[in-house]
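J.: Take a look and give me a structure for this.
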Amino acid sequence: MNAPARLPRKPLHGVLLLDKPLGWTSNDALQKAKGMLRAEKGGHTGTLDPLATGLLPLCFGGATKFSQASLDADKRYTATLRLGQRTSTGDREGEVVQERPVNVDRTAVEAACARFVGVIAQTPPMHSALKHQGKALYDYARAGIEVERPSREVTIHAIDILEWQAETLVIDVRCSKGTYIRTLAEDIGQALGCGAHLAALRRTGSGELGLDGAVTMEQLAAMTPDQREALLKPADLLLAGLPAVQLPDDEAGRFLCGLRRRVALADSPAVRVYGTRPHAFLGTAHIQAGELIADRLLNPLEIQATP
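T.: Numbering: from 1, shown residues only. Okay, the predicted model is just below:
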């Protein structure tokens, strides 16, 4: 018997806000969603560990041109710390390597969290996807090899205590890209003198985006093809924090050809550019000495197909 013919892929363009399930890699989630949408081209906006759940914006078609904006954006997490236990990996997957009693009060917990707000230096954990000589650090860790890792500066904008009961501490963390919450959990435990590991992690925000409107895999699987496509947001959703510039249609055409346009606007390192047609997001640019200079542009088909 012949195998059923594969359904053709479609040139879809837009952003899907996915609530990534526990245990899935970011690429697992992307490939599954891409298959259900039958999209020709797709990409995710940064790795979210399999043990983490929550917001994972997925880009399709022309929207992939702007995925870097989400990669570079600040992030927000709800992190659950297990106080009194250190593990070999810094999270719940590792073996417990040390246990200590938890003798702390609210004041001590608040002080420990406050200690890490601001610009701090973090050493990337061995159990991470960071590359060393072309190989992920977790590959070295699994082989029992410790690799020297230079510390890096990250910014913790705020840490708020959501819940604290005995050995369980739940915090809301707003931070810059590249922040290792697992390392932050261990550092808070060390500051408290009892140790800690990351028991659970949920990403709740990326830049201007949150979990409002995010769909789970189960919900996506239960939808019709038309319902799935209707979930796609315009590509400029990833750029909501940038100033917007609108061009008349004749100027928009020239801009899309890569020509610089004169504008009576102040210099800006990055702006979103629109034509006058509704939802006609054209791409990104910067303004220098009164000129609008294109950076990343959509092609006409991508503009027409953008929701």
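J.: what's stretch 64-73 in contact with?
T.: 41-46, 57, 59, 177, 206-209, 235-236, 238-239, 241-242, 283-284, 296, 298 (Cβ atoms under 8 Å, 6 or more residues apart in numbering). All C-beta spots, glycine's among them, are computed from the backbone N, C-alpha and C.
J.: now the strands for the stretch 201-307 of the chain?
T.: 209-210, 215-216, 244-246, 261-262, 268-274, 281-288, 291-297 (DSSP state E, counting those that start in this stretch).
J.: partners of the fourth one, with directions?
T.: Strand 261-262 has the following strand partners under DSSP bridges: strand 291-297 (antiparallel).
J.: List buried residues within the contacts of stretch 64-73.
T.: 42-46, 57, 59, 206-207, 209, 235-236, 238-239, 242, 283-284, 296, 298 (16 or more other Cβ atoms under 10 Å).
J.: For stretch 283-298, buried residues please.
T.: G283, T284, A285, I287, L292, A294, R296, L297, L298.
J.: from the chain's centre, how far out does it sit?
T.: The chain centroid and the centroid of stretch 283-298 are separated by 25 Å, computed with Cα atoms, centre = their mean, to the nearest Å.
J.: Test my guess that A240 contacts G210.
T.: No - if you go by Cβ atoms under 8 Å, A240 and G210 don't touch, sitting 11.0 Å apart.
J.: Look up the residues forming beta bridges with R262.
T.: Going by DSSP bridges, R262 forms beta bridges with E291.
J.: whoops, I mixed them up, L18
T.: L56, V215.
J.: pLDDT score for it?
T.: Per-residue pLDDT puts L18 at 97.
J.: Mind putting the buried residues of stretch 283-298 into JSON lines with pLDDT?
T.: Output for those, formatted as JSON lines (pLDDT from 0 to 100):
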{"residue": "G283", "pLDDT": "95"}
{"residue": "T284", "pLDDT": "96"}
{"residue": "A285", "pLDDT": "97"}
{"residue": "I287", "pLDDT": "96"}
{"residue": "L292", "pLDDT": "96"}
{"residue": "A294", "pLDDT": "95"}
{"residue": "R296", "pLDDT": "94"}
{"residue": "L297", "pLDDT": "93"}
{"residue": "L298", "pLDDT": "91"}
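J.: Of all pairs in those residues, which one is the farthest apart?
T.: I287 and L298 (19.0 Å; Cβ to Cβ).
J.: mind saving the C-alpha coords of the lengthiest strand in the chain as CSV?
T.: Under DSSP state E, the strand in the chain containing the largest number of residues is strand 152-165. Extracted in CSV, the C-alpha atoms of strand 152-165 (Å, rounded to 0.1, in the frame of the first residue of the first chain):
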residue,chain,number,x,y,z
ARG,A,152,29.7,37.4,32.2
GLU,A,153,27.7,40.4,33.2
VAL,A,154,23.9,40.2,33.3
THR,A,155,21.3,42.6,34.8
ILE,A,156,18.7,41.6,37.2
HIS,A,157,16.1,44.3,37.1
ALA,A,158,13.9,43.0,40.0
ILE,A,159,13.3,40.0,42.2
ASP,A,160,9.9,39.8,43.9
ILE,A,161,8.9,37.1,46.4
LEU,A,162,5.7,35.5,45.3
GLU,A,163,5.5,32.7,47.9
TRP,A,164,7.7,31.3,50.7
GLN,A,165,6.8,28.2,52.8
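J.: Can you name the next helix or strand after it?
T.: strand 168-175 (DSSP states H and E).
J.: could you give the angle of that next one to strand 152-165?
T.: 150 degrees (axes from the mean of the first three to the mean of the last three Cα atoms, to 10 degrees).
J.: mean confidence for strand 168-175?
T.: 98.
J.: Within the sheet, what are the partner strands of that strand, with directions?
T.: strand 75-83 (antiparallel), strand 152-165 (antiparallel).
J.: In stretch 192-206, which residues are buried?
T.: 192, 194-206.
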